[in-house]
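# here's a sequence, model it:
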Amino acid sequence: MQFRQKALSKLQSPEELDLPVRFARPQGRFVLAVTVLVMAVAGFWAFTGSVSSKLSAPGILTRAGGSYLLQSPYSGQVTAVLAEDGRLLAPGAPLLQVATEQGERTVRVVAGGRVTTLVAKTGAVLTTGADVATVERAKSADEPLVAVLYVPAASGAGIRAGTPVDLDVQSAPRQRFGVLRGHVKEVGRAPQTQAQLSGFLGDTRLAAQFARQGDPVAVLVQLDRSPTTRSGYRWSSADGPPYALDSTTHVTGAVRLPAQHPVDWLLP
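Numbers count the residues shown, from 1 in each chain. So this is what the prediction gives:
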């Protein structure tokens, strides 16, 4: 009964219209203002800002023409080795002398280039089709090196010619010499099978390594030249390594992908 009387008396009392109404404390207004400002800045950046990213991919230093695997057309025993690793040979130059049942035969290089790996040694017994050497297609000893990176097929479409590339070179530690500079010259139009990789690299095991996660797209990287470094190429450090670079050296390339607006990937 007492509660009912209090309720009735409250209903009969006039409203306190002369008292001020406080909508929010000063601290609350400050927090609201900061929130609105942050949202405005975020919205402006989402439409006008950009996000850059890098794609890392394995590769190798080589000449633009690649390499090929030379196989023996004869069965017999190697009686003489007529060239050595690193030597530049003209097309059709003799490489090995082989004693066969039909007499002495000469194994010759098919296309001119530099011998990078000489498998056959004097006294070795060869069968027809045996691997004897890997020859890098090169017209001259001072032909510039390039880097070939092998990227996943799904990522190849996002790479453009002229894109800067930073290369970690296996034979030149990054902590001492920095990274090798270059830029994308060409991007392959289609993924390459392991057989195609082997045909360009002249190495079946290396081709299997690059194709381990599916058929990749080849990205040709032109190295930036520099007259002031010992290697002849531009590095992130002042001088780079105090020696020349060799082909068939493994590299890891970081390709700078085109910048994207955040709204492009925030919105479906």
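# what count of nearby residues applies to T117?
For T117, the neighbour count with other C-beta atoms under 10 Å is 17. For glycine as for every other residue, the C-beta is placed from the backbone atoms N, C-alpha and C.
# looking at this, it is in a strand?
Yes - counting by DSSP: H, G, I helix; E, B strand; the rest coil, T117 is part of a strand.
# could you check how far L245 is from S226?
Per C-beta to C-beta, to the nearest Å, L245 is found 12 Å from S226.
# ranges for the strands of the stretch 151-268 of the chain?
164-169, 180-187, 217-223, 250-260 (DSSP state E, counting those that start in this stretch).
# report the buried residues of the second one.
Applying a neighbour-count criterion of 16 or more other C-beta atoms under 10 Å, one finds 180-182, 184-185, 187 buried in strand 180-187.
# same question, the longest one
Applying a neighbour-count criterion of 16+ other C-beta under 10 Å, the buried positions in strand 250-260 are 251-257.
# would you reformat those residues as JSON lines and include pLDDT?
What follows is these, written out as JSON lines (pLDDT from 0 to 100):
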{"residue": "V251", "pLDDT": "95"}
{"residue": "T252", "pLDDT": "94"}
{"residue": "G253", "pLDDT": "94"}
{"residue": "A254", "pLDDT": "92"}
{"residue": "V255", "pLDDT": "91"}
{"residue": "R256", "pLDDT": "80"}
{"residue": "L257", "pLDDT": "74"}
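# any idea which of the residues you listed is closest to V221?
Nearest to V221 out of the buried residues of strand 250-260 is G253 (C-beta to C-beta; 6.3 Å).
# for Q192, give me phi and psi.
Note on Q192: backbone dihedrals following degrees, to the nearest 10 are phi -110, psi 140.
# thinking it is in contact with V217, fair?
Yes - using C-beta atoms under 8 Å, Q192 is in contact with V217, at 7.2 Å.
# helices of the chain, start to end?
For the chain, the helices defined by DSSP state H occupy 2-12, 26-48, 153-156, 174-177, 194-201, 204-210, 262-266.
# per-stretch mean pLDDT over these, give me the minimum one.
Here those differ in mean pLDDT, and the lowest is helix 262-266 at a mean of 49.
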